[in-house]
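Trainee: This is the structure alone, sequence omitted:
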Ligand code: AMP
């Protein structure tokens, strides 16, 4: 069965068509700048040329229409008509406490996702627009929602509660939810598979280090803690997000700089992280890495602080699980940054970790990058959230 995976943002829409038998991507692309001047769609059939078409995309429905047109057109399309698309899997960012697994989409589910909008005001409404657009263009195709938060729903109360008045949890469901769950789930399972070990017997720490970054602790096949919180702002230092800070800083800076709460949150989300720390050098880790190697003081500061925070979370999660068998690195930085992995692992001597430098410099494979003597294994596992969404979709529509 061909499964269309849709990841809708507020002004963008990423898609992949995946053949569930071979688990290969047949075609992929994105619509960007939806509803903004200069919108365009890119489309690439597997093994073919990438096409970019600048075209007005006033809304997500038009974006989805263009995607379906690209997939079915005579020239570079990959299916004859829409009947060859068996199901659609939608990435949905926040499922709150309602969803601990992927679910078939019906009116009740849409209402429940809407009720989580409060918790992810930037993401969930966009995800719902994508679902609505697909429903109207493919009314008879089954659709599945796969939640970023679902994998983390197994966390125990002591991991997900904040030290706040309990009534805020009762009234507003303020608690840690965690994100990147599809990636943490995929990577931790893949690690067990590659090692040939039973997933339910492994203690794994997954470091998803991309523009957004989070760490999770997966013990005996279930997530027991994660670094992101009620929103993706908590935890690691990220491309532009601050991660953990003393909450009192918000009022202090707001008073000094004459800013309100939403302006402060904008700074914490968009102007902080390695971008802010590097004195606005860049939010892109490639630039930070280049600057670090050239000895640029701002890049060195950003790099060291980023890596230190990751190492600190690893230590916390070793404590949470009373040990660790394997530490996995994934996502843009985790997969491609041997220097970053080196700096982080330098803090982890107490786990008996010894990186094999030759293996650590390889790219793109599911690899153990520690020596055979290393007491704890370190792995690099390229994440594949689209495939994980396609698998979850297939499971439900079968
Ligand atoms: P993601 O959010 O997973 O797409 O990751 C995006 C981040 O990965 C960006 O900050 C990129 O700079 C970073 N990245 C991609 N390739 C490399 C690389 N070769 N070395 C270091 N960082 C990289």
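Mentor: Looks like it came in fine. Values in this document were obtained by computation on a predicted structure and should not be read as measured data.

Trainee: Tell me, how many residues neighbour the closest residue to the ligand within the chain?
Mentor: At 2.0 Å from the ligand, residue 332 is the closest residue in the chain, using C-beta to the nearest ligand atom. Every C-beta, even on glycine, is put in place using the N, C-alpha and C of the backbone. Per other C-beta atoms under 10 Å, the neighbour tally for residue 332 reads 18.

Trainee: thought it was touching residue 212?
Mentor: No. At 9.8 Å, residue 332 does not count as touching residue 212 under the criterion of C-beta atoms under 8 Å.

Trainee: How about the contacts made by residue 352?
Mentor: Residues counted as contacts of residue 352 (C-beta atoms under 8 Å, 6 or more residues apart in numbering) are 374-376.

Trainee: tell me which parts of the stretch 201-350 of the chain are close to the ligand?
Mentor: 210-211, 239, 284-286, 289, 331-333, 336-337 (C-beta under 6 Å from any ligand atom).

Trainee: Quick one: the strands in this structure, in order.
Mentor: All strands of the chain, identified by DSSP state E, fall at 2-8, 13-19, 24-32, 40-45, 51-54, 85-92, 103-104, 143-147, 203-209, 213-219, 222-226, 326-330, 367-368, 377-380.

Trainee: Show me what the first one is packed up against.
Mentor: In other words, strand 2-8. strand 13-19, helix 60-72, strand 85-92, helix 124-137, helix 385-397 (3 or more C-beta pairs under 8 Å, 6 or more residues apart in numbering; DSSP states H and E).

Trainee: Please name the bridge partners of residue 42.
Mentor: Residue 42 forms beta bridges with residue 30, residue 52, as assigned by DSSP bridges.

Trainee: ok, it touching residue 15?
Mentor: No. At 10.2 Å, residue 42 and residue 15 do not qualify as touching, with contact defined as C-beta under 8 Å.

Trainee: Let's test this: name the helix or strand in the chain with the lowest mean pLDDT.
Mentor: helix 124-137 (a mean of 93; mean pLDDT, DSSP states H and E).

Trainee: ok, and what's touching it?
Mentor: 4, 6, 8-10, 13, 59-61, 63-65, 68, 88, 90-94, 105, 110, 113-114, 116-117, 141, 143, 145.

Trainee: Any regions of the stretch 51-200 of the chain where pLDDT drops low?
Mentor: The model of the stretch 51-200 of the chain has no residue with pLDDT under 70.

Trainee: sorry, back to before: mean neighbour count and distance to the ligand for the helices and strands packed on strand 2-8 - can I get that in JSON lines?
Mentor: Below are these laid out as JSON lines (neighbours: other C-beta atoms under 10 Å; distance: least, C-beta to the nearest ligand atom, whole Å):
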{"stretch": "strand 13-19", "mean neighbour count": "22", "distance to the ligand": "11"}
{"stretch": "helix 60-72", "mean neighbour count": "21", "distance to the ligand": "20"}
{"stretch": "strand 85-92", "mean neighbour count": "24", "distance to the ligand": "14"}
{"stretch": "helix 124-137", "mean neighbour count": "19", "distance to the ligand": "17"}
{"stretch": "helix 385-397", "mean neighbour count": "22", "distance to the ligand": "9"}
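
Trainee: Enumerate every residue touching residue 25.
Mentor: Here residue 25 is in contact with 16-18, 46, 386-387 (C-beta under 8 Å, 6+ apart).

Trainee: ok, and what's touching the lengthiest helix in the chain?
Mentor: Identified as the longest helix of the chain according to DSSP state H is helix 297-321. Residues lying outside helix 297-321 but in contact with it, judged by C-beta under 8 Å, 6+ apart, are 159, 203, 205, 207, 209, 213, 215-217, 219, 224-225, 227, 235-237, 243-244, 274, 277-279, 281, 287-292, 324, 327, 340, 343-344, 347-348, 351.

Trainee: go again using 6 Å as the cut-off
Mentor: By C-beta atoms under 6 Å, 6 or more residues apart in numbering, the residues outside helix 297-321 that reach it are 203, 205, 207, 215, 217, 219, 225, 227, 236-237, 274, 277-279, 281, 288, 291-292, 324, 343-344, 347.

Trainee: List only buried entries from these.
Mentor: Neighbour-count burial (16 or more other C-beta atoms under 10 Å) applied to the contacts of helix 297-321 gives 203, 205, 207, 215, 217, 219, 225, 227, 236-237, 274, 277-278, 281, 288, 291-292, 324, 343-344, 347.

Trainee: Report how many residues lie close to the residue nearest to residue 119 when sequence neighbours are not counted.
Mentor: In space, and not counting its chain neighbours, residue 119 is closest to residue 94: 4.8 Å by C-beta to C-beta, 6 or more residues apart in numbering. Burial measure for residue 94: 25 neighbouring residues, criterion other C-beta under 10 Å.

Trainee: circling back: closest to residue 35 out of the helices and strands packed on strand 2-8?
Mentor: Closest of these to residue 35 is helix 60-72, at 8.3 Å (criterion: C-beta to C-beta).

Trainee: what packs against the closest one?
Mentor: strand 13-19, helix 124-137 (3 or more C-beta pairs under 6 Å, 6 or more residues apart in numbering; DSSP states H and E).
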